[in-house]
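**Q** structure for the following, please:
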Amino acid sequence: MNRRSASIAANPVLIGAATTLIIIVAVFLAYNANNGLPFVPTYSLKVNVPSAAQLVKGNEVRVGGTRVGVIDNIVPINHKNGAVTAQLSLKLDTTIKPLPVDSTVLVRPRSALGLKYVEITRGHSNKGFPDGATVPLGQAKPRPVEFDEFLSTFDDKTRAASRVNLREFGNALAGRGLDINRALEAFNPLLTNLGPVANNLAAPQTKLVRFFQALDRAANETAPVAQTQADLFKNFEVTFGAINRVRGDYQQAIQNAPASEQAAIDNLPVQRPFLANSAALFHELRPGVRALRTAAPDLAAAFEAGTGSLRRSVAFNKRLKPTFEALQSFAEDPLVALGVHDLTNLATILKPTIVHLTPAQTKCNYLSLWFRNVASLLSEGDNNGTNQRFIIVAAPAGPNNEGGPASAPANGPTTDNHLHSNPYPNTDSPGQTPECEAANETYIDNKTIVGNVPGNQGTLHDKTTISKGGTQPLKSGAPQ
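**A** The predicted structure is shown next:
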């Protein structure tokens, strides 16, 4: 008898488990839809913006109105001047990779309810941002206009002025219908004669189009300095008001102008050599002034840091007052003069000794070498242990050898039974051979040497530095 294999559709347990698994996967994908689907490659960028107000994680990122990614994270950035901006971490589709480096970023409102999104305007540069790069704050432009800022233009004063304008315009036209009709009747000859004038203006020979294009360029050039020009006229009012208050002095200055001009005619030729020298001076100052351009950021930072230090110096100077008073009392104490005199005598007495000992360190570097060798003695070595080991060293055989008392320096007859002793090696001190003899003496076989070794041993010590070309000898005066 053949058994049929059981169908999955006939098993309610398997159907329920499959349905539950599908629902869990759908819920997981729906929950993470705003952050991007899993296992889908993304293009990550960080964007600095002036403000992330009302932006939340998961808001859209659009290019040309098309959604290309989401905001993955938002963190505040604290600057040295106290300002706080925001940095947005974006997860973008790889279809826009790489984003041109001259692209701009703008936070725009999505609706009147306060929802926002990030709009990216692609640039035209051939160079793009790599994955994980940061778009600087300067490319977050133009400055966005918030909805509440737009509504705040219609404040109490603006609304009151609008009501006054409507009321006055209404009063101006009320009861003047006959006058308006007469004006319209008078416009008929004007419009009739306007035709030839308009034809002349529209003719290509007038180049009226270029005139308006020039006006547009002029307006674009003056727009960035519109506030400056407004401030200029405002300041003119202040200036002319001040001149009006002292107009008597100005009248007197105008009366004295002929005498002043004559004095200038007489004196300016005499000043020509000075002006010529000044011109030469400023010409020589050009390299220094040009160098100040690169040093300007450092100088600005120094001035900025120095401002706070200068403010705190007032309180610091007040705290120093007792210190200087104590120093003044110390300086006026008669015993101090005696102490200084004794120190002077001590320095005079020690000067020959110091002059004799100074080259041992400044030329031969013996103090630093001693500490280095002691450290090496306790740290370096081989498989048998460090260099600090105690072994029995047998003296060479022969008369007057170093193994016991001697009546004279060891002097043979074997080659190794010779005394080599230099109790006062040369250290380039005054009157000595310019050499660092200690630890540099050459061992001379089959000869007894007591005192300085013949010849100049130089000022170089053992090989202590490593370079590309191999181990090089280090000057004894160099730092270790």
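
**Q** what's the burial count for residue 119?
**A** 17 (other Cβ atoms under 10 Å). For glycine as for every other residue, the C-beta is placed from the backbone atoms N, C-alpha and C.

**Q** just the CA coordinates for the host helix or strand of it, please, in PDB.
**A** According to DSSP states H and E, residue 119 maps onto strand 116-121. C-alpha atoms of strand 116-121 as PDB (Å, rounded to 0.1, in the frame of the first residue of the first chain):
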ATOM      1  CA  LYS A 116      10.800  69.800   7.300                       C
ATOM      2  CA  TYR A 117      13.100  68.000   4.900                       C
ATOM      3  CA  VAL A 118      16.600  68.500   3.500                       C
ATOM      4  CA  GLU A 119      17.000  69.700  -0.100                       C
ATOM      5  CA  ILE A 120      20.300  69.200  -1.900                       C
ATOM      6  CA  THR A 121      21.000  71.200  -5.000                       C
END
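
**Q** adjust the sequence numbering to begin at 693 for everything that follows.
**A** Sounds good: first residue 693 from here, last item strand 808-813.

**Q** measure how far that strand is from the centre of its chain, please.
**A** Relative to its parent chain, strand 808-813 has a centroid offset of 29 Å by Cα atoms, centre = their mean, to the nearest Å.

**Q** equivalent analysis for stretch 1100-1111, please.
**A** 71 Å.

**Q** so which elements touch the strand holding residue 811?
**A** Packing partners of strand 808-813 (3 or more Cβ pairs under 8 Å, 6 or more residues apart in numbering; DSSP states H and E): strand 752-755, strand 796-801.

**Q** just put those strands in TSV and tack on mean neighbour count and mean pLDDT.
**A** Output for these, formatted as TSV (neighbours: other Cβ atoms under 10 Å; pLDDT from 0 to 100):
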stretch	mean neighbour count	mean pLDDT
strand 752-755	19	88
strand 796-801	17	86
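
**Q** got those strands as JSON lines, with distance to residue 1105 columns?
**A** As requested, the helices and strands packed on strand 808-813 are arranged in JSON lines below (distance: least, Cβ to Cβ, whole Å):
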{"stretch": "strand 752-755", "distance to residue 1105": "98"}
{"stretch": "strand 796-801", "distance to residue 1105": "96"}
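
**Q** can you verify residue 1135 is assigned to a strand?
**A** No. The assignment for residue 1135 (DSSP: H, G, I helix; E, B strand; the rest coil) gives coil, which keeps it out of a strand.

**Q** pretty sure it sits against residue 1108.
**A** No. Contact between residue 1135 and residue 1108 fails when scored by Cβ atoms under 8 Å: they sit 10.5 Å apart.

**Q** state the distance from residue 974 to residue 968.
**A** To residue 968, residue 974 is 11 Å away according to Cβ to Cβ, to the nearest Å.

**Q** sorry, wrong one. I was asking about residue 785.
**A** 69 Å.

**Q** show me which of these two is the more surrounded one.
**A** More crowded of residue 785 and residue 968, by other Cβ under 10 Å: residue 785, with 17 against 10.

**Q** what's the pLDDT at that one?
**A** At residue 785, the model reports a pLDDT of 85.

**Q** check residue 779 too.
**A** Model confidence at residue 779, expressed as pLDDT, equals 90.

**Q** relative to residue 810, how far out is it?
**A** For residue 779, the distance to residue 810 equals 12 Å [Cβ to Cβ].

**Q** of these two, which one has the most company?
**A** Per other Cβ under 10 Å, whichever of residue 779 and residue 810 has more neighbours is residue 810, with 24 against 17.

**Q** excluding sequence neighbours, find me the nearest residue to the more buried one.
**A** residue 753 (4.7 Å; Cβ to Cβ, 6 or more residues apart in numbering).

**Q** hmm, that neighbour is touching residue 802, no?
**A** No. Counting by Cβ under 8 Å, residue 753 stays clear of residue 802, with 11.9 Å between them.

**Q** who touches both of these two?
**A** Residues touching both residue 753 and residue 802 by Cβ atoms under 8 Å, 6 or more residues apart in numbering: residue 809.

**Q** pull the longest strand anywhere in the chain out as CSV, backbone CA atoms only.
**A** Ordering each strand of the chain by length in residues (DSSP state E) puts strand 758-770 first. Only the C-alpha atoms of strand 758-770 are listed here, as CSV (Å, rounded to 0.1, in the frame of the first residue of the first chain):
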residue,chain,number,x,y,z
THR,A,758,12.8,63.4,-5.5
ARG,A,759,13.4,61.4,-2.3
VAL,A,760,17.0,60.1,-2.3
GLY,A,761,17.6,59.3,1.3
VAL,A,762,16.8,60.0,5.0
ILE,A,763,18.4,61.7,8.0
ASP,A,764,20.1,59.0,10.1
ASN,A,765,21.3,61.1,13.0
ILE,A,766,21.4,64.7,14.3
VAL,A,767,24.1,66.0,16.7
PRO,A,768,24.9,69.6,17.9
ILE,A,769,28.3,71.1,17.2
ASN,A,770,29.8,73.6,19.7
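
**Q** perfect, I'm done here.
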